[in-house]
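Engineer: Return a 3D structure for these sequence lines:
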Amino acid sequence: MTILPRDQVAERLSVSTRLLVRYERRGLLHATREGDVEGYEPSEIHRVWTVVSLQRDLGINLAGVEAVLKLRAHLDEVHARLVEATERLRNALETGDE
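Structural biologist: I've put the predicted structure just below:
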């Protein structure tokens, strides 16, 4: 696994590492440790960017950011269930099953 060090992520997003740690303590971000380096897996970088953007660029407070992330996760889950239901319906129609 390759992680991006927290300080590099902070620098690229023009925020402090303290802010990222604050987000982590709040449960908004999940850091990973690789040896002596603590940072973020590539899959977490988009979430880091989202959290920073929601707060810094849109002025949403941390409770609001948390709500947005929960809503987004819920919508992703609903979308996955809809895709699954659509596939089951398509298969039933193709095979003539009910």
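Engineer: which residues in the protein form strands?
Structural biologist: For the chain, the strands defined by DSSP state E cover 4-5, 32-34, 37-40.
Engineer: So in that sheet, which strands flank the first one, and in what orientation?
Structural biologist: Read that as strand 4-5. strand 37-40 (antiparallel) (DSSP bridges).
Engineer: then the partner strand to PDB, C-alphas only?
Structural biologist: What follows is strand 37-40 as a C-alpha-only set of coordinates in PDB (Å, rounded to 0.1, in the frame of the first residue of the first chain):
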ATOM      1  CA  VAL A  37       4.800   8.000   7.700                       C
ATOM      2  CA  GLU A  38       1.200   8.900   8.500                       C
ATOM      3  CA  GLY A  39      -1.100  10.000   5.700                       C
ATOM      4  CA  TYR A  40      -3.900   9.000   3.400                       C
END
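Engineer: Now do that strand: everything it contacts.
Structural biologist: 3-6, 8-9, 29-32, 48 (Cβ atoms under 8 Å, 6 or more residues apart in numbering). Where you see a C-beta, it was placed from the backbone N, CA and C, and this is true even at glycine.
Engineer: before we move on, back to that, so which of the strands of the chain comes closest to residue 76?
Structural biologist: Residue 76 lies closest to strand 37-40 among the strands of the chain, at 19.5 Å (Cβ to Cβ).
Engineer: Can you point out the buried residues in the closest one?
Structural biologist: 38-40 (16 or more other Cβ atoms under 10 Å).
Engineer: Tabulate those (a markdown table), appending distance to residue 58 and pLDDT.
Structural biologist: Formatted as a markdown table, the buried residues of strand 37-40 follow (distance: Cβ to Cβ, whole Å; pLDDT from 0 to 100):
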| residue | distance to residue 58 | pLDDT |
| --- | --- | --- |
| 38 | 27 | 94 |
| 39 | 25 | 95 |
| 40 | 21 | 96 |
